[in-house]
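1. What follows is a protein structure lacking sequence information:
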Ligand code: ZN
């Protein structure tokens with residue numbers, strides 16, 4: 001494994017739980033609960049919080065309050081507020097709220113590297129998606145919003161299997177030509193493994209040395225944090241994760257969601273990486289999540305305690 005010395009700076013953590021997590025919850029999360037949760041998250045030291053999606057409310061009822069959320073959350077210096085949208089109509093709504101008291105620092109647009117997944121996800125071919133980006137990116141830029149381009153299913157497609165790495169890189173290249181400021185490679189359905197992540201990120205850093213790269217992993221098959229480490233080894237310093245491990249996978253009902261924010265921060269703390277996130281504050285938020293969503297959540301540190309949360313010695317131990 002390559003040396004960790006390549007990266008001595010801060011690791012940026014972007015919480016996407018309120019968007020990637022809540023969008024698949026069947027229970028409607030009250031807007032006030034969402035706003036309070038976002039306000040608590042932005043106070044933990046996270047770099048970014050992805051707060052909503054401008055998508056048709058009939059398709060994703062939990063995101064119908066996008067405008068209200070953006071107008072009412074507290075703004076904190078140094079914490080970027082981001083949102084996503086799959087289409088031009090959504091971008092019009094985003095710009096509408098951005099210019100009327102609900103500032104959006106960054107819009108995150110996404111397209112799947114796999115043709116069949118993109119069709120299933122947004123009912124577009126990849127060339128149709130790219131054509132829409134050519135309209136949406138200048139719209140957002142004119143309104144003063146930063147643009148991040150996400151290549152979904154970069155590490156695997158649930159319908160096609162592995163996606164050709166040259167194809168993924170080709171889309172990244174087209175994103176930069178279109179005018180995106182930064183890139184995300186997403187493992188949308190949890191198919192990445194650390195060897196693959198290491199190889200792809202080596203190639204990416206070589207090809208786009210000056211571009212800010214984020215990795216978005218789902219822990220669907222338990223490889224999430226290993227994949228983060230593979231990314232860090234190649235100099236990637238920005239990761240998406242979800243508070244309490246919210247999220248899921250539409251093709252694997254009951255599967256684990258995004259990598260868990262507080263588990264990630266606990267690992268980084270133990271390893272001596274600086275994330276700027278206060279783990280205790282984060283855990284205080286995480287423990288509230290099960291009652292908000294009405295079910296158990298995958299987060300592990302919220303159950304086990306921080307690594308350095310030590311215990312009294314009991315009379316006798318029988319554990320292996
Ligand atoms: Zn995701």
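-> Cool, got the structure. On a predicted model such as this, the values are computed, not experimentally measured, just so you know.

2. immediately after the helix or strand containing residue 127, which helix or strand?
-> Residue 127 belongs to helix 126-142 when assigned by DSSP states H and E. Going down the chain from helix 126-142, the next helix or strand is strand 146-152, by DSSP H and E.

3. what's that following strand in contact with?
-> With Cβ atoms under 8 Å, 6 or more residues apart in numbering as the contact definition, strand 146-152 has outside contacts at 80, 82, 84, 105-113, 117-118, 121, 133, 137, 140-141, 168, 171-172, 175-176, 178-186, 188, 214, 216. For every residue, glycine as well, the C-beta is placed using N, CA and C.

4. how big is the angle separating it from helix 126-142?
-> 160 degrees (axes from the mean of the first three to the mean of the last three Cα atoms, to 10 degrees).

5. can you list contacts of the next helix or strand after strand 146-152?
-> Next helix or strand after strand 146-152 toward the C-terminus (DSSP H and E): helix 165-178. Identification of contacts with helix 165-178 by Cβ under 8 Å, 6+ apart yields 111, 113, 126, 130, 133-134, 137, 149, 151, 154, 183, 185, 199-200, 203-204, 207-208, 211.

6. same question, stretch 79-86
-> Counting by Cβ under 8 Å, 6+ apart, 14, 19, 42, 46-55, 66, 70, 73, 75, 91, 93-94, 103-110, 121-122, 136, 146, 148, 150 sit against stretch 79-86.

7. Quick one: residues contacting the residue nearest the centre of the chain.
-> The centre of the chain sits closest to residue 240, judged by Cα atoms, centre = their mean, with a distance of 3.3 Å. Residue 240 sits next to 14-16, 20, 50, 184, 186, 214-217, 258-259 when contact means Cβ under 8 Å, 6+ apart.

8. Pairing partners for the host helix or strand of it, with directions?
-> For residue 240, the enclosing helix or strand under DSSP H and E is strand 238-241. Here strand 238-241 is paired, per DSSP bridges, with strand 12-15 (parallel), strand 212-217 (parallel).

9. among the ones you listed, which is nearest residue 225?
-> Closest to residue 225 of the strands paired with strand 238-241 is strand 212-217 (Cβ to Cβ; 8.3 Å).
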